[in-house]
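Enquirer: would you be able to build a 3D model of this:
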Amino acid sequence: MTTTKKLCISGLMCALSVCLQFMSIPIFSLGGQTGRIGFHFLPIIITSAILGCFYGAVVGGAADILYSVFFLNAPYLPYLTITAALLGVIFGIICNPKYSYTKWRITLAVIVSYVICGFILNTIFLSMMMSVTIQILFVSRLIPQLINLLIYILLSNIFILYIYRNKKFILS
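Expert: Okay, the predicted model is just below:
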């Protein structure tokens, strides 16, 4: 695949990730909103699976910067950008496009990358930003993040296996 095609796919996935940040579903509990179910990590995961960890990191970082600069009404946190880029790196290393994809490899890559980046690191950085103890945020984010994890496992397996099986038509 040429570099031009990789850049085009990366740009489309970056734009899709920014758009998907608006399509999140809030989750409410007794104390108010505790989290959101979102889909914005999915284009980062798919880019890492198709193009590798470098392009996945670029898409993750660029999408977070674009969303933060143009649409976020809170202070910009570079930690969250690093976390989004790291998600692409971890997924791309575990689920390398040079090897064949299996459901178990994709599931393992989603679990490891999302638990490290989406749950642990994001919770730590959000607690720093909001001046809330980490324990309270971990407990309040646990259910929404588990739901997100299950959604990402399901959708990643569907999309990546479909692309892998039809790669001569999709990626040629």
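Enquirer: using the three-state scheme, assign Ile27.
Expert: strand (DSSP: H, G, I helix; E, B strand; the rest coil).
Enquirer: could you say what helices and strands the host helix or strand of Ser10 packs with?
Expert: Using DSSP states H and E, Ser10 sits within helix 3-20. Identification of packing neighbours for helix 3-20 by 3 or more Cβ pairs under 8 Å, 6 or more residues apart in numbering; DSSP states H and E yields helix 42-51, helix 53-70. Just so you know, the C-beta spots here come from the backbone N, C-alpha and C atoms, and that holds for glycine as well.
Enquirer: which helix is the longest one in this protein?
Expert: helix 134-165 (DSSP state H).
Enquirer: packing partners for that one?
Expert: For helix 134-165, the packing partners by 3+ Cβ pairs under 8 Å, 6+ apart are strand 25-29, strand 32-37, helix 42-51, helix 103-113, helix 122-130.
Enquirer: what's the local residue count around Ile9?
Expert: Neighbours of Ile9 under the rule other Cβ atoms under 10 Å: 20.
Enquirer: got a list of what it touches?
Expert: Residues in contact with Ile9 (Cβ atoms under 8 Å, 6 or more residues apart in numbering) are 47, 50-51, 55.
Enquirer: what about it, distance to Val59?
Expert: For Ile9, the distance to Val59 equals 9 Å [Cβ to Cβ, to the nearest Å].
Enquirer: so where is the chain shaky, pLDDT-wise?
Expert: Counting by pLDDT under 70, the chain has low-confidence residues at 28-34, 169-172.
Enquirer: centroid residue for it?
Expert: Phe41 (2.2 Å; Cα atoms, centre = their mean).
Enquirer: now do that one against Leu137, distance only.
Expert: Distance from Phe41 to Leu137, by Cβ to Cβ: 18 Å.
Enquirer: related to what we said a few turns ago, can you put the contacts of Ile9 in TSV and add neighbour count and distance to Leu121?
Expert: Listed next are the contacts of Ile9 as TSV, based on neighbours: other Cβ atoms under 10 Å; distance: Cβ to Cβ, whole Å:
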residue	neighbour count	distance to Leu121
Thr47	30	19
Ile50	23	24
Leu51	23	23
Tyr55	22	21
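Enquirer: what's the closest of those residues to Tyr162?
Expert: The shortest gap between Tyr162 and any of those belongs to Ile50, at 11.4 Å (Cβ to Cβ).
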